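In: My questions concern the predicted model and sequence given below.
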Amino acid sequence: MNLLEFISLVFSDYTVRTVTMGAAVLGLVSGVLSTYAVLRKQSLLGDAMSHAAMPGVVLAFMLTGAKEPLPLLIGAGLAGWLGALLVMLVVTQTRIKADSALGIVLAVFFGFGLVLLTSLQSSGSAQQAGLNKFLFGQAAALVLDEVLLMAGLGGGALLLVALLWKEFKLLSFDPDYAATLGFPVRRLDIMLTTLIVVAIVIGLQTVGVVLMSAMLVAPAAAARQWTDKLGRMVLLSGAFGALAGIGGIFVSYDVENLPTGPAIVLCASALVAVSLLFAPNRGLVAGWWRARRSRQRLRAAAVLEALYVMGEHHGDALHPHTLRSLQTALPGKDVQRALGQLQGEGYVFHNADGQWGLTQAGAETVETLLRETARE
Amino acid sequence: MTPFQVEIQVIMALVAAACALPGVFLVLRRMALMSDAISHSVLFGIVIAFFIVREASSPLLILGAAASGVLTVWLVETLLRTGRVKEDAAMGLVFPLLFSIGVILIALYAENVHLDIDTVLLGEVALAPLNRFTLLGINLPLGVWMMSGILFINLALLLLFYKELKLSTFDTELAAALGFSPALLHYALMTVVSVTTVGAFDHVGPVLVVALMIAPPAAAYLLTETLWKMLALSVAIGVVAAISGYWLANTLDTNIAGAAATMTGVFFLLALLFAPQRGLLAKALQRRRRRQRFAVEMLLVHLHSHEGTAGEATENCLAHLTGELKWQPAFAQAAVKWAQQQGLIAEQTQPLALTDSGRTAAQQVLNR
């Protein structure tokens, strides 16, 4: 299936449209919220909370006996939220650090979820409940009602982000200042955590608990490379998330047996890789390029200055010198290449004897450079 | 108990003990989540190694998996060194990717591969005794050989490098100044974590390795101040959790590894609540006692300063305390009762009167 076929399927086929919409909603919401998680260096809180949601899903199924999405999602949300509160409790009340607290909540809640799931499975009702799909996500099983539910929850979360824009911004960059201004920092913190739980709940059926954490890191990590403004980062991160979601669905339709969750994570990681490498300002390629350019400029300046100083020994700044003597004056530098470039720019000349000298323009440049250095 | 059951418990206990030892250093060095990252990436290593050697029981699989653990650490650090992402995000980017690739490879080639996602995620210690191995004429489950080997290595390394580990964990700068390479120790520790994770992976799956590595040391951290005691306690808690987890699973007919993880959580919770000095209960009691002592001292000083003055009758009565010290009436009454219990205020007098020892105590507070 190529991209065009996929796009036409999105418009014509009910299942493909539903699933794609679901993944896009998930990507958008988790992308927007991941911005705050990444900026506040809490990327791994999402990891812990999504694993912690697992027993909530199974317990909700055991209690209601139904596979209606709403109770399962509420169960997931409550368990994830409880996990986050436990992390906060342990970190604030004991000397155990956040990493250990997150690790414990993540693994123990997940283990407990597996205990519940396995005992359901041995009674044979888990398959019927389709609970397995919560592990790695199974977007293909999404129905329109679930997508609408996801969209409703996600829309609510995004609306809150918009309403509390200023508060969340301050909380992310300078929580101490926010506290001195009288903002209820602790309540805002819990609010933001709750919104992340909402994103996790939305993602459970599509990406699954194990890989949901990636959706709360990757879009923001990618978006961060393109901008230094929070507003643009939030928009970009949401867009990247949605793109990863749709891309994952496309890939998993294209390749048989490909689970959706890992496919979406792969797409999100690809976006991160591209951003890290090719973003205009922070990108690594741009960085290498800048470093190369400044090395070249420094080398050229050193060669010009050496020519000038050596010329002055002869009483004439424009006096030409051999390549060998320049290389002796500037050991370890690729003098020849610098001379080639400078000649192209008209700062040096190359005479018939194979000697190099400053042109008038070159001498003036050196004088300007020397004046600037002297002033500094 | 059948021999089968005994063997499963022995394997679980060995896994728990082997995990707890490096886990202590992960917790102390604030790198607990590295175990999460490594354990997920190990899946990637196992799958890749499997595609190369095409044999599910090859020892090369273990090497490949351990290498992928170290690869994870290296990737995280390389990402960090670019300066474009922070540490938490670097970790959160690397391991889901490697894990996803592992899952995708398994899903795509599931027919040809003797690996499936459920076993990979959950581990199946219940079947471990079926896979046997004879060494020196002793026939034991392969898991027992493997895990006791790993436990032995971990113990040996711990004993050999105890001093170095201790120093670099508690004072990195001093260790570096004395010439112990922090990078070398870091990678050595991460290799140990990787190898241990690989061994444990087969039996308990990637997520529950984290429970066995982190929860017992964290519980022990609340119980002791001494490194070797913390190591011993972690092993003990881990082993007890593993064995009680086995019996829990046996009773509920459920996943053994999940039950063991649940039990590590239960033990951590017990430590969190009831640890003698650092537990929540102990801290609440300490706070209460401090509040009582402070209230009694306030009361004594107040009574003392008005004793023998003209206003004594009005100042030193119970009703006045609520206004003067801004106490709730119930709290004022309680404070008087605490002071009376300690014999610092005379029983049943109005106005309230200090006893001799009460007067001395008030003097002491004022002289402090």
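Out: Received it, and whenever you're ready, just let me know what you need.
In: For the rest of this, base every contact and every neighbour count on C-alpha atoms.
Out: OK.
In: Mind pulling the model confidence for residue 335?
Out: As the question left the chain open, I've gone with chain A. With respect to pLDDT, residue A:335 scores 80.
In: Chain B was what I was after
Out: At residue B:335, pLDDT is 85.
In: and it, backbone torsions?
Out: phi -60, psi -40 (degrees, to the nearest 10).
In: That one contacts residue B:298, doesn't it?
Out: No - Residue B:335 is beyond contact range of residue B:298, at 9.4 Å (criterion: C-alpha atoms under 8 Å).
In: more neighbours, those two?
Out: Legend: neighbour count by other C-alpha atoms under 10 Å in any protein chain shown for residue B:335 and residue B:298, higher for residue B:335 (22 against 16).
In: Could you check how far the more buried one is from residue B:322?
Out: Distance check for residue B:335 against residue B:322: by C-alpha to C-alpha, to the nearest Å, it reads 11 Å.
In: how near is residue A:357 to residue B:196?
Out: 67 Å.
In: same check, this time on residue A:33
Out: In terms of C-alpha to C-alpha, residue A:33 sits 35 Å off from residue B:196.
In: cool, and residue B:19?
Out: Applying C-alpha to C-alpha to residue B:19 and residue B:196 gives a distance of 6 Å.
In: Which neighbours do these two have in common?
Out: Listed contacts common to residue B:19 and residue B:196 are nil; contacts here mean C-alpha atoms under 8 Å, 6 or more residues apart in numbering or on different chains.
In: Whatever residue of the stretch 151-300 of chain B ends up closest to chain A: neighbour count?
Out: Nearest residue of the stretch 151-300 of chain B to chain A, counting by C-alpha to the nearest C-alpha: residue B:258, 4.0 Å away. Residue B:258 has 34 neighbouring residues, counting by other C-alpha under 10 Å.
In: Just the element for it, please.
Out: Assessed by DSSP states H and E, residue B:258 sits inside helix B:256-274.
In: Buried by neighbour count: which residues of that helix qualify?
Out: Buried residues in helix B:256-274, counted by 16 or more other C-alpha atoms under 10 Å in any protein chain shown: B:256-268, B:271-274.
In: which SSE is residue B:239 in?
Out: helix B:227-252.
In: what about that helix and chain A, touching?
Out: Yes - using C-alpha under 8 Å from any C-alpha of the partner chain, helix B:227-252 comes into contact with chain A via B:249, B:252.
In: Nearest to chain B within the stretch 1-150 of chain A, name that residue for me.
Out: residue A:111 (4.0 Å).
In: Find the nearest non-adjacent residue to that residue, please.
Out: Distance criterion C-alpha to C-alpha, 6 or more residues apart in numbering or on different chains; nearest residue to residue A:111, sequence neighbours excluded, is residue B:258 at 4.0 Å.
In: For residue 43, which residues are in contact?
Out: Using chain A. A:34, A:37, A:213, A:216-217, B:88-89, B:92.
In: meant chain B, my bad for not saying
Out: B:65, B:98-99, B:102-103, B:120, B:206.
In: Of these, which is the most crowded?
Out: residue B:65 (29 neighbours).
In: wait, that one sits on residue B:44?
Out: Yes - the pair residue B:65 and residue B:44 qualifies as a contact (C-alpha under 8 Å) at a distance of 7.3 Å.
In: picking up where we left off before, what helices or strands is the helix holding residue B:239 leaning on?
Out: helix B:3-28, helix B:182-221, helix B:256-274 (3 or more C-alpha pairs under 8 Å, 6 or more residues apart in numbering or on different chains; DSSP states H and E).
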